[in-house]
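# the following comprises the amino acid sequence and a computationally predicted model.
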Amino acid sequence: MTTLQFNAFGDPAEQLAISETDAATRHALPPAGQVRLRMRFSPVHPSDLNLIQGVYGIRPELPAIPGGEASAIVDAIADDVDELAVGDHVILRSRIGAWRDTAMIDTADCFRVPPEIDLTQAAMLAINPTTAWRMLADFAELKPGDWILQNAANSAVGRCVIQLANALGLRTINMVRRESLVDELTALGADAVIVDDGEKSTGERVTELMGDSPAQLALNAVGGDSALRLMAWLAPGGIHVTYGAMGLRPLKVPNSFLIFKNIQLRGFWLTEWQRHSSRESIDGMLSEVASHMAAGRLRMPIAAIYRPDQCSEAMSAAAGASRNGKILFEFNPSPN
């Protein structure tokens with residue numbers, strides 16, 4: 001069995017290595033209540049890089065296998081399993097360490113996806129789209145036509161916010177760092193894409209766009225001054241949700257935003273939401289997101305696909321700032 005694992009925390013390009021274990025695992029029959037999965041694709045997320053670096057919200061015991069999500073094909077089932085069948089396409093409900101070619105897991109950790117969803121896209125369904133979905137659903141009572149503000153709009157979550165908001169009839173103002181992203185994000189369904197340059201005229205443009213209906217919800221993945229600008233543009237009583245810190249700068253909150261505008265500052269971490277949610281809630285969310293993906297309303301770009309033996313190159317590419325799309329690992333490239 002092929003796995004990608006790390007034995008020490010540090011630079012992902014240096015610490016991640018391929019490991020070969022007993023081949024019998026690939027053909028072992030699953031025990032009661034479990035299925036054997038033939039893994040197909042798994043994306044590299046910032047959280048995976050942070051996990052290897054040792055700076056993520058959870059710190060695994062070593063050696064550890066990264067990989068927060070993946071698509072897979074059911075390869076074998078235990079005699080008592082009837083909710084899944086050999087050949088089903090599935091994704092993972094929980095983090096199991098997906099960077100391996102074979103996994104033996106409980107059926108409760110599998111979620112069957114429609115076969116019309118390409119397995120490269122299915123591999124990216126469970127984290128970024130669901131983060132976007134929860135933030136759109138959980139913090140403000142939004143109705144069609146309402147505005148949403150977000151920075152880092154070209155990030156994976158930002159792109160999902162644009163597409164899902166568009167499908168729900170919501171309007172988005174999307175802050176980016178490069179003018180070259182405007183046409184690309186507009187094609188995804190963004191109502192406005194604006195370079196986040198801190199200029200007074202930029203703020204005036206945002207305010208003019210929203211008119212008499214300022215945004216009740218702002219989504220922050222940057223921090224620092226960019227997060228401050230989102231607060232300034234929110235309606236009184238608006239909700240500012242932080243789910244990332246790409247700018248590595250803390251939030252700076254003027255007293256007036258809390259006293260006179262009553263801005264609400266919230267945070268979101270999908271792992272924590274899942275920890276306190278029922279299986280029915282998680283499956284309902286996955287079904288909603290999968291329906292949009294199956295219908296073509298949600299799609300994420302892929303920058304490159306790597307083999308496991310190219311793990312060092314994959315880590316370097318994932319850490320790069322200039323790529324446009326996700327880095328994926330491909331396992332079992334020639335499924336039966």
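On my side now, so go ahead.

# quick one: pLDDT of the residue nearest the centre of the chain?
Centroid-nearest residue in the chain, with C-alpha atoms, centre = their mean: N128, separated by 1.8 Å. N128 carries a pLDDT value of 95.

# is it true that it touches C160?
Yes: under the criterion of C-beta atoms under 8 Å, N128 makes contact with C160 at 5.3 Å. Just so you know, the C-beta spots here come from the backbone N, C-alpha and C atoms, and that holds for glycine as well.

# residues contacting A153?
Counting by C-beta atoms under 8 Å, 6 or more residues apart in numbering, A153 touches R159, V161, I162, T172, N174, M175, V176, L181, L185, A190, V193.

# and the gap between the fifth one and M135?
Here N174 is placed at a distance of 14 Å from M135 (C-beta to C-beta, to the nearest Å).

# ok, the two, which is more surrounded?
Taking other C-beta atoms under 10 Å, N174 and M135 do not tie; N174 has more neighbours (28 against 25).

# surely that one is in a strand?
Yes: under DSSP: H, G, I helix; E, B strand; the rest coil, N174 sits within a strand.

# which residue, neighbours along the chain excluded, lies closest to it?
The spatially closest residue to N174, leaving aside those adjacent along the chain, is A153, at 3.3 Å (C-beta to C-beta, 6 or more residues apart in numbering).

# any idea how far that neighbour lies from V193?
Relative to V193, A153 is positioned 7 Å away (C-beta to C-beta).

# pretty sure G244 sits against L219.
No: with contact defined as C-beta under 8 Å, G244 does not reach L219; the gap is 9.2 Å.

# which one of these two has more residues nearby?
Ranked by neighbour count (other C-beta under 10 Å), G244 and L219 place L219 first, with 29 against 20.

# which ones are touching A215?
D146, W147, I148, L149, I173, W233, L234, A235, G238.

# ok so the third one is a helix residue?
It refers to I148. No: assigned with three-state DSSP, I148 falls outside any helix and is strand.

# report the beta-bridge partners for it.
T172, L217 (DSSP bridges).

# I figured it was touching A218, is that so?
Yes: applying C-beta under 8 Å as the test, I148 and A218 come out as touching, 7.4 Å apart.

# neighbour-wise, which of those two wins?
Legend: neighbour count by other C-beta under 10 Å for I148 and A218, higher for A218 (28 against 23).

# shaky segments in the stretch 201-336 of the chain?
248, 334-336 (pLDDT under 70).

# joint contacts of G244 and L219?
Common neighbours of G244 and L219 (C-beta under 8 Å, 6+ apart) are V157.
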